[in-house]
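Engineer: Return atomic coordinates for the entry below.
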Amino acid sequence: MTQKQHMNHLPLVTRIARISAVAYALFLSIFALDVFEPGLSTGQVLVALGIHLLPSLVILLFLWIAWKNPIIGGLLFILVGIAYIIEAGGQAFLTYLLIAGIPILIGLLFLWGYRLARKV
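Structural biologist: Next up is the predicted model:
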């Protein structure tokens, strides 16, 4: 089966999960924009930007893993959401929903898409 034929048989749920993961990485990248402050050297800005973009890079790494193996990738997304809830205690519900709920939902979509693909 060619790559194009494989994409046609891919469940819509898996495609939505992939697009959502990219959108979530872009959403997290917005928080890196606060490193641009007057008075910082170029080196300081680059280091701060790199540190702030690490979560986005991790999400993209998990997307790559999920692309190759949806079960492992889906579980990684779910674990990221749960880890955030455990580590960031005392946050507002909306914070949990945006930062932790989205990767949990993406992980569930990857697992659901895998299950649908096995039925085809």
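Engineer: Buried residues, stretch 30-41. List them.
Structural biologist: By neighbour count with 16 or more other CB atoms under 10 Å, stretch 30-41 contains the buried residues A32, V35. The way it works is simple: take the backbone N, C-alpha and C, and place the C-beta from them, glycine included.
Engineer: again, but for stretch 82-96
Structural biologist: Residues of stretch 82-96 classed as buried: Y84, I85, Y96 (neighbour count, 16+ other CB under 10 Å).
Engineer: in the protein, which spans are helices?
Structural biologist: For the chain, helices defined by DSSP state H occupy the ranges 3-9, 12-30, 42-68, 70-87, 93-95, 102-119.
Engineer: Quick one, which of those gets closest to F36.
Structural biologist: With CB to CB, the closest approach to F36 among the helices of the chain belongs to helix 42-68: 6.5 Å.
Engineer: Quick one: distance of that closest one to the chain centre.
Structural biologist: 11 Å (CA atoms, centre = their mean, to the nearest Å).
Engineer: which other helices and strands contact it?
Structural biologist: If you count contacts as 3 or more CB pairs under 8 Å, 6 or more residues apart in numbering; DSSP states H and E, helix 42-68 packs onto helix 12-30, helix 70-87.
Engineer: ok, now which ones touch the nearest residue to F110 once chain neighbours are set aside?
Structural biologist: Spatial nearest neighbour of F110, excluding adjacent residues (CB to CB, 6 or more residues apart in numbering): G74 at 3.4 Å. With contacts defined as CB atoms under 8 Å, 6 or more residues apart in numbering, G74 is in contact with A17, A66, I106, G107, L108, L109, F110, L111, Y114.
Engineer: 6 Å - rerun?
Structural biologist: G74 makes contacts with G107, F110, L111, as judged by CB atoms under 6 Å, 6 or more residues apart in numbering.
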